[in-house]
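> Okay, structure incoming, though there's no sequence with it:
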């Protein structure tokens, strides 16, 4: 129903003048269609960077007008830094972080934030934990006060941790009923093998085995000002906000222990493998195909973004036109370059009805190999560049997105100016660059394939490919 | 491309507040004009970024799709992306994406909206393309066959291959209401989708896709006069059409609680959906109902979260609200529900969850909310309401629907104040009048693998 398609893809700015005649290949556009107007260059948000004496990085983006303020705090160390015997612990930390501080109960925290017009949300990623909120700007101090408290003084009360664990156990069971979760979990395991990026979630055993003391211990290690960034975006006066931040975060002390060790880059590419995850009763097969791609600081990143847009990253992409608009195999094909700090997966996803599982994989392979073996049309490249740049500008209209994107850049070790410079790099990408990354990252033979659905369907449908199809490793 | 998760599309509730003096007066500018052919055009000027958001929304949704054609309004929405005689399939995507933007469409109970957003350089071609597909479509069977398949995959993806299968949005109104318009499976039975033919597409288009049945809103880096001029140029020559009169879709009052149990093939954790019939949309009671929905469901401070998840620990999550999850509490035009969706631990019994739920509801009807609770929810609702007006494409949608249903885009600036005026006493009176068992429907969705979950479903206390 409802949402037909929507893209979350990346990237920024824009140059000169678009004319409709530049749009795409052979087919002419309607003769009366008015041309694009002159394009104003997109202005990246101006970020004021400061550092408190305790090492806390501050990135401030004042935006007068819209009467809210968004805050995001990222601390280094996420799922990839969890203890080996506690996979997924970062998620429990995130769940229980706002369930009590030295001076506030969980209920008080929720109520104070609601009174400011916000909620607290937390996300445990591979490399970081990000905590954020968005409040009415007149209540920015109140929102920041609660945020500062949970970042510095969370106590992880035993009873709250017990409840969080019980709920996490059921939440995992719920997730395990969702085929897309099963596919993502299996692909991360297949691509990253023993590397800590292979973990995207806890297990029943790791959740049940975690203690409140484990959480307090990891919290103390990670939540420290010299390993954190606070991003503020919205309708505030910078000087006044700085004073508030100084008073709320200035006394946050730096532990003597060294920070967490950095996550290493994966040492080897994963071998090509084909897995299935059995899900009885499925009326579709979820296909998720992926392989290592360039990280955000890799010189190949911009070219791969453009290549991905052409391949499957927008509605007018080859993949969508092929398996949705031409063949009707699926509603929702997509591809994306999903970067972590030290590695990235270039992945393709499609949920297809059982009887076209093999046919869909065949088309995915075809489109991947087409990227790997043939050059894109210049028009396809320019279309993708404009798409990436324009939609990035659209995303960054939201102050919450600006906050979360800046926090993510910091986690990746990149400066805030990256918001502006990434688009400049996108604009410089040529058809030759696209062909080069196409050959490097897109060959179907590099990709690990995960399928989720009826085992019998998958075995029969994949038989013509002559690949060894194995059961994905169990996650328990 | 990414499908937006079901819960993700819930446009939150609306709000009001007494707090935060600095924000109380924040409003969005709107200018409205009506073309000769009846098209209502709304512009909201905002120069904070060189972009625009455009929403053209038609006054037709699931509710009025013909019997025997369940799911057709949505299938038709897909056909609007399949091209016209002069702009063949693929043109729209190519032009707007090539202009640095994206397009989308969605169907709800009482409207179908088409949205385009991009840097302003693409505004002219986007308007032209929207006008073009309001003139006529490429009524080609091949495209219908293609989109029928795509839609069936969409239904599999979001409903048939998912735990819970959207039962809180589809089965709950199906049980709570008696008449086809309000009770049918709006995603569509495959029999009905398969039966749809190109003549149905033509007829539906001729009936409902008329300038006099639509609102066009543009928000962003534009000037109203320039937009009016462009819209006049591209849409002005499109003739009015005779739109079928709105049928009576009202329901006879509910007199007894309705309950059902459904087995779920995929879910590992059971869930409950509870729906109370809402008072008529234009009544003051409906405004109170919007506040009640937020008091009950908005975040960790909400009454249900605190009581069911934290204190009694009989539920794992709580979600819901008035007209949830298919729009904000003002974007509909017919019977709707105040819905709660509760996931609960398998070691709990349905009745324990309902009992704990009933204590909260009873408390609202006797003691009523505290003044602190009212103050907090007013602030939160104001903040959430502003949130959906932040970026042009979302603002355009909210403005379009205020105009479609109330004839007045300024309604988006009035709603926060109306919500703010709701008193604790009105909340209490609402709970006593509407949050009663005889006015509700409960569906318990049980993992098929659980004991008792294998049956085909049972019906209790049917009316």
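Happy to help now that I have it. The shown structure was predicted, so the numbers you read here are calculated from the model rather than taken from an experiment.

> contacts, neighbours, all on C-alpha from now
Fine.

> Quick one: low-confidence residue ranges for the stretch 1-150 of chain A.
A:1-26 (pLDDT under 70).

> at 90 instead, please
Judged by pLDDT under 90, the stretch 1-150 of chain A has its weakly predicted residues at A:1-27, A:38-44.

> tell me the strands in it, going along the chain?
Counting by DSSP state E, counting those that start in this stretch, the stretch 1-150 of chain A has these strands, from start to end: A:48-51, A:57-62, A:68-76, A:121-124, A:128-136.

> Just checking the distance from the first one to the centre of its chain.
What that stands for is strand A:48-51. Mean-position distance between strand A:48-51 and its chain equals 25 Å (C-alpha atoms, centre = their mean, to the nearest Å).

> Which other helices and strands does it contact?
In this structure, strand A:48-51 makes packing contacts with strand A:57-62, judged by 3 or more C-alpha pairs under 8 Å, 6 or more residues apart in numbering or on different chains; DSSP states H and E.

> again, only this time at 10 Å
strand A:57-62, strand A:228-234 (3 or more C-alpha pairs under 10 Å, 6 or more residues apart in numbering or on different chains; DSSP states H and E).

> Outline the domain layout of chain B.
Domain assignment of chain B by automatic domain parsing yields the ranges B:26-235, B:258-460.

> any chance of those domains in a markdown table, with mean neighbour count, mean pLDDT and distance to residue A:280 too?
Below are the domains of chain B laid out as a markdown table (neighbours: other C-alpha atoms under 10 Å in any protein chain shown; pLDDT from 0 to 100; distance: least, C-alpha to C-alpha, whole Å):
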| stretch | mean neighbour count | mean pLDDT | distance to residue A:280 |
| --- | --- | --- | --- |
| domain B:26-235 | 21 | 97 | 10 |
| domain B:258-460 | 21 | 94 | 9 |
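
> Residue A:304: what's it in contact with?
A:293-295, A:298, A:310, A:336-337, A:346, A:426, A:429, A:433-438, A:440-442 (C-alpha atoms under 10 Å, 6 or more residues apart in numbering or on different chains).

> Make a ChimeraX selection of the buried ones in those residues.
In ChimeraX, this line selects whichever of the contacts of residue A:304 come out buried by 16 or more other C-alpha atoms under 10 Å in any protein chain shown:
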select /A:293,294,295,310,336,337,346,426,429,433,434,435,436,437,438,441,442
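
> Tell me which entries of the contacts of residue A:304 lie within helices.
Counting by DSSP state H, those place A:426, A:433, A:434, A:435, A:436, A:437, A:438, A:440, A:441 in helices.

> Show me what the helix or strand where residue B:412 lies is in contact with.
With secondary structure defined by DSSP states H and E, residue B:412 is part of helix B:411-420. Applying C-alpha under 10 Å, 6+ apart, the external contacts of helix B:411-420 come out as B:14-18, B:24-30, B:284, B:287-291, B:330, B:374-375, B:377-379, B:381-383, B:385-386, B:389, B:395, B:398-403, B:421.

> For the domains of chain B, give me JSON lines that also has distance to residue A:468.
Below are those laid out as JSON lines (distance: least, C-alpha to C-alpha, whole Å):
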{"stretch": "domain B:26-235", "distance to residue A:468": "26"}
{"stretch": "domain B:258-460", "distance to residue A:468": "28"}
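
> quick one: which of the ones you listed is nearest residue A:205?
Among those, the nearest to residue A:205 by C-alpha to C-alpha is domain B:258-460 (17.2 Å).

> returning to what we had before: going C-terminal from the helix holding residue B:412, what's the next secondary structure element?
Where DSSP H and E defines the elements, the next helix or strand beyond helix B:411-420 is helix B:424-434.

> Quick one: distance of that following helix to the chain centre.
24 Å.

> the helices in the stretch 151-300 of chain B, which residues?
B:171-176, B:180-183, B:190-195, B:198-208, B:224-235, B:284-297 (DSSP state H, counting those that start in this stretch).

> Quick one: closest of those helices to residue A:453.
Counting by C-alpha to C-alpha, residue A:453 lies closest to helix B:190-195 out of the helices of the stretch 151-300 of chain B; the figure is 20.9 Å.

> Run through who's touching that closest one.
Residues external to helix B:190-195 that are found in contact with it (C-alpha under 10 Å, 6+ apart): B:67-72, B:75, B:145, B:148-149, B:151-152, B:155, B:187-189, B:196.

> try 6 Å this time
Here helix B:190-195 makes contact (C-alpha atoms under 6 Å, 6 or more residues apart in numbering or on different chains) with B:68, B:69, B:70.

> can you check stretch A:61-71 too?
A:47, A:132-137, A:231-236, A:400.

> residues of it that come out buried?
Those would be A:61, A:62, A:63, A:66, A:67, A:68, A:69, A:70, A:71, for stretch A:61-71 by 16+ other C-alpha under 10 Å.

> same deal with stretch A:271-282?
A:272, A:273, A:274, A:275, A:276, A:277, A:278, A:279, A:282.

> ok so, going back, in strands, which of the contacts of helix B:190-195 appear?
Among these, DSSP state E puts none in strands.

> Between the residues you listed, which sits nearest residue A:251?
residue B:70 (61.7 Å).

> what sits against that closest one?
B:186, B:188, B:192.

> What parts of the stretch 351-476 of chain A come near chain B?
Contact residues (C-alpha under 6 Å from any C-alpha of the partner chain) of the stretch 351-476 of chain A with chain B: A:383, A:386, A:387, A:390, A:391.

> Tell me the secondary structure of the fourth one, please.
If I follow you right, that is residue A:390. helix (DSSP: H, G, I helix; E, B strand; the rest coil).

> so how far is residue B:303 from the residue lying closest to residue B:423 once chain neighbours are set aside?
Leaving aside its sequence neighbours, residue B:423 sits nearest to residue B:374 (C-alpha to C-alpha, 6 or more residues apart in numbering or on different chains; 7.7 Å). The gap separating residue B:374 from residue B:303 is 12 Å, by C-alpha to C-alpha, to the nearest Å.

> Would you convert the residues of the stretch 351-476 of chain A next to chain B into JSON lines that also reports neighbour count and distance to residue B:37?
Below are these laid out as JSON lines (neighbours: other C-alpha atoms under 10 Å in any protein chain shown; distance: C-alpha to C-alpha, whole Å):
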{"residue": "A:383", "neighbour count": "27", "distance to residue B:37": "36"}
{"residue": "A:386", "neighbour count": "28", "distance to residue B:37": "35"}
{"residue": "A:387", "neighbour count": "32", "distance to residue B:37": "34"}
{"residue": "A:390", "neighbour count": "30", "distance to residue B:37": "34"}
{"residue": "A:391", "neighbour count": "26", "distance to residue B:37": "34"}
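
> So which of the contacts of helix B:190-195 is the closest to chain A?
Proximity of the contacts of helix B:190-195 to chain A, judged by C-alpha to the nearest C-alpha, is greatest for residue B:70, which lies at 12.0 Å.

> if we can go back for a sec, quick one: which of the ones in helices among the contacts of residue A:304 is nearest to chain B?
Using C-alpha to the nearest C-alpha, the ones in helices among the contacts of residue A:304 come closest to chain B at residue A:426, 12.9 Å.

> wait, the closest one sits on residue A:300?
No: judged on C-alpha atoms under 6 Å, residue A:426 makes no contact with residue A:300 at a distance of 10.6 Å.

> does residue A:349 sit in a helix, a strand or a coil?
Once three-state DSSP is applied, residue A:349 turns out strand.

> Let me see the contact set for it.
Residues counted as contacts of residue A:349 (C-alpha under 6 Å, 6+ apart) are A:287, A:288, A:333, A:334.

> Over to residue A:181?
For residue A:181, the contact set (C-alpha under 6 Å, 6+ apart) is empty.

> hmm, 8 Å instead?
Residue A:181 makes contact with residue A:175, according to C-alpha atoms under 8 Å, 6 or more residues apart in numbering or on different chains.

> Which residue ranges of the stretch 351-476 of chain A form helices?
A:357-373, A:378-395, A:399-411, A:418-428, A:431-441, A:455-462.

> For the ones you listed, give me a markdown table that also has mean pLDDT.
Below are these laid out as a markdown table (pLDDT from 0 to 100):
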| stretch | mean pLDDT |
| --- | --- |
| helix A:357-373 | 98 |
| helix A:378-395 | 95 |
| helix A:399-411 | 97 |
| helix A:418-428 | 92 |
| helix A:431-441 | 98 |
| helix A:455-462 | 98 |
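
> Fine by me, we can end here.
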